[in-house]
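**Student:** With the input below, show me the fold.
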Amino acid sequence: MTVTASSATLTVGDPIPAITAAYTGFKHGETEPAVAATCSTDATDTSPAGTYASTCSGAANDNYSFTYVDGSVEIAAAVVTVTASSGSATYGQAAPAITASYAGFKHGETAPAVPPTCSSASDATSPAGTYASTCSGASDPSYSFVYVPGTVTVTPAPLTVIASSASFVAGQAVPAITASYSGLVNGDPAPATPPVCATDATSSSPAGTYTSWCSGAADPNYDIGYSNGTVEVTAVAAPVVVTASSATITYGDAIPAITASYAGFGGGQTVPATLPTCSTTATAGSGVGTYATTCTGAADPNHTFTYTAGVLTITAAPATVTASSAPMTYGDAVPAITPSYAGLVNGDTAPATPPTCSTTATSASPVGSYPSTCSGAADPNYTFGYSPGSVTVDKAPATVTASDATFEEGGAVPVITATYAGLRNGATAPATIASCSTTATSASPVGTYPSTCSGAADPNHTFSYVDGTVTVTAATPPPITATGHAGYSTLTKATSITAGSNGVNLPTGTINVTSTTGFKTYVNLTIPTTNGAQSVFCKGMNATQFTGCSGGPGRCPPGRRSPTVHPTASTSTRSWVGRQR
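**Tutor:** Below you'll find the predicted structure:
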């Protein structure tokens, strides 16, 4: 049995047909084997143009043996149309780039393996007209190519024919009107048919402005338009007066440009052919005053010129003088008042005549604010205004010191007073004097206690305070008194006495008294103490002392009475009683 694979012919991009088997050699009317053959081809839907095998295999039948014959699948190249782009260009311009567009590609392809070459039959020198654009040379194994040309249209270039302008003096020959061109390309000197140019001015035309024009130009490569000119007919030449401009500026301003104005032009003329040069003698640093402005050098074939000067006036600039402000302390020297300036220009730092500055404040001025002023500035380049300042007098610092004091325990507390340091301008005390006190009292034990002051007030001073010290010392005993019978004298003891038991620690030696008048040679003194009555025996005396004194039990020499002991108001008061021998 022979099994032949089917063949097919198609174009690139067409679907691949199914491959079928054809059988020859069957008997008994059979048409298919028990197991049909399986058929396929190497070609796919994306295969490029070419010839691909188609095959069958796998047929089976117990009564037959099989041989196989291959077929073929022919994929032919697809036809792609290549169209050259169209475009336009103005005469004198380069031809537009020609590109290819495609129709007929398969499988999503957009360009051939070898792109075509495209061009135009026109270039920058081509006259106005229509030219073919073409593409050729595309190559690809899966495609064949057909070409469609495009067109390039060369349009006329815009050309402006400009009539010349001219001027002449009335009565003279009319100047020739000529054409000039804007837009010629490719080296063309003029249109193929040049224009004819004219003006409606004549040699007899009165002064005024007339039109010049051109017409009749022709050229296939240009789209022609026209621009008129003017012809100025002027009156017979006459002198023209050139006047330099005048101006007024403030000192320090930039010097303005000096310009010319004209009187005497005719026929619509407003300026000379050659403009004059104008200037002034003033410079950027020139002071207040007037300066000439002048113009020279005007020139024109139809005119002569005379010149008139102008004036540049520089006026004084306004400036402000401000008096300085400063603080001072009450009683100090007054600070110097100085001026500062606003409005000075041209590098000036001060007026020619500086101002005089002062303030109403003095060293004796109370606390407060006082004006400072300046006046008398003078300078030819400025006018001056004045702005005051102020001097602020602040309070002066002063110190209040509490007095020191000493008193005996149990005594009266001394008065605490204030002393002042730092008061200015002859003041010896503040307007409100300080209140002073101490923490010590009559009952305070021996020791030191602070004394303080506070509450001082004065409109011209501030106050700080320094404490003092109050010292409480041991008390001095009261007078020691000796009394007895009529005619006995009073003794005063100057030092304190400490008495112990049986006369221990009683004073010995000398006892100073005011007077010993009334006492004899031997004296017994009895002292009442916290430990009972104690006695002192003195052997001698002079006018103010008992001498040879010693402590011991109270006694008298033989045949004499013992001294009388007088009670006292308290144990701290000692009464001495003596008897003359």
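**Student:** Run through the bridge partners of the nearest residue to Val148 once chain neighbours are set aside.
**Tutor:** In space, and not counting its chain neighbours, Val148 is closest to Thr83: 4.2 Å by CB to CB, 6 or more residues apart in numbering. Every C-beta, even on glycine, is put in place using the N, C-alpha and C of the backbone. With DSSP bridges as the criterion, Thr83 is bridged to Ser101, Val148.
**Student:** Name the nearest residue to the residue most central in space within the chain, sequence neighbours excluded.
**Tutor:** Closest residue to the average C-alpha location of the chain: Ala342 at 24.0 Å, with CA atoms, centre = their mean. Among residues not flanking Ala342 along the chain, Thr320 sits closest, at 4.5 Å (CB to CB, 6+ apart).
**Student:** Give me the pLDDT value at that neighbour.
**Tutor:** Looking at Thr320, its pLDDT is 98.
**Student:** Pull the number of nearby residues for it.
**Tutor:** Neighbourhood size, Thr320 [other CB atoms under 10 Å]: 15.
**Student:** what sits against it?
**Tutor:** Thr320 makes contact with Tyr341, Ala342, Gly343, Phe384, Gly385, Tyr386, Ser387, according to CB atoms under 8 Å, 6 or more residues apart in numbering.
**Student:** Can you tell me the strand partners of the strand or helix carrying it and which way each runs?
**Tutor:** Assessed by DSSP states H and E, Thr320 sits inside strand 317-323. With DSSP bridges as the test, strand 317-323 is paired with strand 339-342 (antiparallel), strand 382-387 (parallel).
**Student:** Would you mind measuring from Cys436 to Ala396?
**Tutor:** According to CB to CB, to the nearest Å, Cys436 and Ala396 sit 21 Å apart.
**Student:** Next: Thr452.
**Tutor:** Thr452 sits 22 Å away from Ala396, taking CB to CB as the criterion.
**Student:** do Pro33 as well
**Tutor:** According to CB to CB, Pro33 stands 138 Å off from Ala396.
**Student:** Check Val146 too.
**Tutor:** Distance of Val146 to Ala396, given as CB to CB: 117 Å.
**Student:** okay, those two: which has more neighbours?
**Tutor:** Taking neighbours as other CB under 10 Å, Val146 and Ala396 compare with Ala396 leading, 20 against 12.
**Student:** Quick one: residues contacting the residue lying closest to that one once chain neighbours are set aside.
**Tutor:** Closest residue in space to Ala396, ignoring its immediate chain neighbours: Tyr330 at 4.3 Å, by CB to CB, 6+ apart. Under the criterion of CB under 8 Å, 6+ apart, the neighbours of Tyr330 are Ser365, Pro366, Val367, Val393, Asp394, Lys395, Ala396, Arg424, Asn425, Asn460, His461.
**Student:** Tell me the backbone dihedrals of Tyr330, please.
**Tutor:** Dihedral pair for Tyr330: phi -50, psi 130, per degrees, to the nearest 10.
**Student:** separation between Val233 and Ala198?
**Tutor:** Distance, Val233 to Ala198, by CB to CB: 15 Å.
**Student:** one step back: of all the contacts of Thr320, which comes closest to Tyr251?
**Tutor:** Gly343 (10.1 Å; CB to CB).
**Student:** got a pLDDT number for that closest one?
**Tutor:** Looking at Gly343, its pLDDT reads 95.
**Student:** How about it: what's its closest non-neighbour residue?
**Tutor:** Closest to Gly343 by CB to CB, 6+ apart is Ala319, at 3.6 Å.
**Student:** And for Ile255?
**Tutor:** Residue nearest to Ile255 in three dimensions, not counting chain neighbours: Ala282, with 5.6 Å by CB to CB, 6+ apart.
**Student:** Isn't the one you found up against Pro256?
**Tutor:** No - the criterion here is CB atoms under 8 Å, and Ala282 misses it with Pro256 at 9.5 Å.
**Student:** Those two - which one has more neighbours?
**Tutor:** Taking neighbours as other CB under 10 Å, Ala282 and Pro256 compare with Ala282 leading, 22 against 15.
**Student:** Go ahead and name everything in contact with stretch 347-360.
**Tutor:** Identification of contacts with stretch 347-360 by CB under 8 Å, 6+ apart yields 319, 321, 323-324, 334, 337-339, 341, 344, 370-382, 384, 386, 389, 391.
**Student:** what sits against the residue nearest to Gly343?
**Tutor:** Tyr341, Ala342, Gly343, Leu344, Pro351, Ala377, Asp379, Tyr382, Thr383, Phe384, Gly385.
**Student:** now do 10 Å
**Tutor:** By CB atoms under 10 Å, 6 or more residues apart in numbering, the contact set of Ala319 is 251-252, 341-345, 348, 351, 377, 379, 381-385.
**Student:** Need the overlap of contacts for Ala282 and Pro256.
**Tutor:** Residues touching both Ala282 and Pro256 by CB under 10 Å, 6+ apart: Ala247, Ile249, Thr293, Leu312.
**Student:** Let me have those residues in TSV, extended by secondary structure, pLDDT and neighbour count.
**Tutor:** Formatted as TSV, these follow (DSSP: H, G, I helix; E, B strand; the rest coil; pLDDT from 0 to 100; neighbours: other CB atoms under 10 Å):
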residue	secondary structure	pLDDT	neighbour count
Ala247	strand	96	19
Ile249	strand	95	16
Thr293	strand	97	24
Leu312	strand	96	22
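**Student:** Run a quick neighbour tally on Pro272.
**Tutor:** Neighbours of Pro272 using other CB under 10 Å come to 20.
**Student:** Excluding chain neighbours, give the residue nearest to it in space.
**Tutor:** Using CB to CB, 6+ apart and skipping residues adjacent in sequence, the residue nearest Pro272 is Asp300, 3.9 Å away.
**Student:** Asp404 now?
**Tutor:** Counting by CB to CB, 6+ apart, the residue nearest Asp404 is Gly468, at 4.5 Å.
**Student:** Any idea how many residues pack against the one you found?
**Tutor:** So Gly468, with other CB under 10 Å, has 20 neighbours.
**Student:** what sits opposite it in the beta ladder?
**Tutor:** Under DSSP bridges, the beta-bridge partners of Gly468 are Ser451.
**Student:** same thing with the one 4 residues further on?
**Tutor:** Following DSSP bridges, Val472 is listed with bridge partners Phe407, Gly447.
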